[in-house]
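>>> Curious how this folds, go ahead:
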Amino acid sequence: MKKLVVSVIVAFLALNTVPAQADTKVKVLNSSKISTKTGLVSITVSGLPAEHGIYISQCMGIDKGKTEPAACNPAKASKLWVSNVTADQKMGAKKGNGKLSIKVDKYFKDGDCIHTKCIIYVTNDHNATDKTFYQAIPFKFGGINLF
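Predicted structure coming up:
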């Protein structure tokens with residue numbers, strides 16, 4: 001009987017255990033109307049893992065059959081490292097609470113966000129053991145949607 005109870009409890013815990021990155025949510029607050037003048041994107045982050053952070057970048061959309069974008073904006077202002085790990089913050093990561101922002105460009109090396117699809121691309125940072133987590137959040141400038 002004890003083995004049955006222990007087995008049921010272990011099975012229940014296994015079914016209800018969700019990897020930390022599954023809880024991580026990145027929301028772009030102005031994804032459908034980014035200013036063509038400032039390019040500022042307002043972002044909120046919730047559910048960051050305790051042991052690592054995430055990277056947020058402006059990239060081209062992910063082509064069908066691919067798992068990563070072909071090109072991302074190399075400008076420092078279009079990238080963000082977000083982590084609640086103190087050691088990461090000492091190296092430049094931003095805290096994951098409150099409103100964050102990055103600057104996206106209409107055009108960048110190998111990128112055209114006016115005539116093609118662009119995304120805010122979110123991945124686990126270099127401290128994560130699981131590199132499979134990503135979010136691809138589409139955005140457009142000032143209501144322009146040509147695709």
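>>> Quick one: the helices in this structure, in order.
Taking DSSP state H to define them, one finds helices in the chain at 2-16, 20-23, 86-90.
>>> which of the residues in stretch 108-124 are buried?
Neighbour counts over stretch 108-124 (16 or more other Cβ atoms under 10 Å) mark 108, 111, 113, 117-124 as buried. (Glycine included, C-beta is placed from N, CA and C.)
>>> Of those residues, which pair is most distant in space?
Cys113 and Asn124 (24.1 Å; Cβ to Cβ).
>>> centroid residue for this protein?
Val122 (2.2 Å; Cα atoms, centre = their mean).
>>> Which strand residues bridge that residue?
On the basis of DSSP bridges, Val122 is bridged to Ile56, Gln135.
>>> measure it to His115 for me?
Using Cβ to Cβ, to the nearest Å, Val122 is found at 24 Å from His115.
>>> Number of residues surrounding Lys66?
Residues near Lys66, counting by other Cβ atoms under 10 Å, number 9.
>>> ugh, wrong one, I meant Thr38
10.
>>> Please report how far the closest residue to Phe108 other than its chain neighbours lies from Phe141.
With sequence-adjacent residues excluded and distances taken as Cβ to Cβ, 6 or more residues apart in numbering, Phe108 is closest to Asn73, at 4.2 Å. Distance of Asn73 to Phe141, given as Cβ to Cβ: 14 Å.
>>> Between the two, which is the more surrounded one?
More crowded of Asn73 and Phe141, by other Cβ under 10 Å: Asn73, with 24 against 19.
>>> Tell me who's in contact with that one.
Asn73 makes contacts with 57-59, 79, 104-105, 108-109, 111, as judged by Cβ atoms under 8 Å, 6 or more residues apart in numbering.
>>> how far does stretch 112-128 sit from the chain's center?
7 Å (Cα atoms, centre = their mean, to the nearest Å).
>>> Quote the end-to-end distance of it.
Length of stretch 112-128, first residue to last, Cα to Cα, to the nearest Å: 30 Å.
>>> try stretch 61-69
6 Å.
>>> Quick check: buried residues in that stretch?
Buried-residue list, stretch 61-69, by 16+ other Cβ under 10 Å: 61-62, 69.
>>> Can you list the low-confidence ranges for the protein?
By pLDDT under 70, the low-scoring segments of the chain are 1-22, 143-147.
>>> can you map out the strands along it?
Under the criterion DSSP state E, the chain contains strands at 25-28, 40-46, 54-60, 79-82, 99-103, 107-108, 111-112, 118-124, 134-139.
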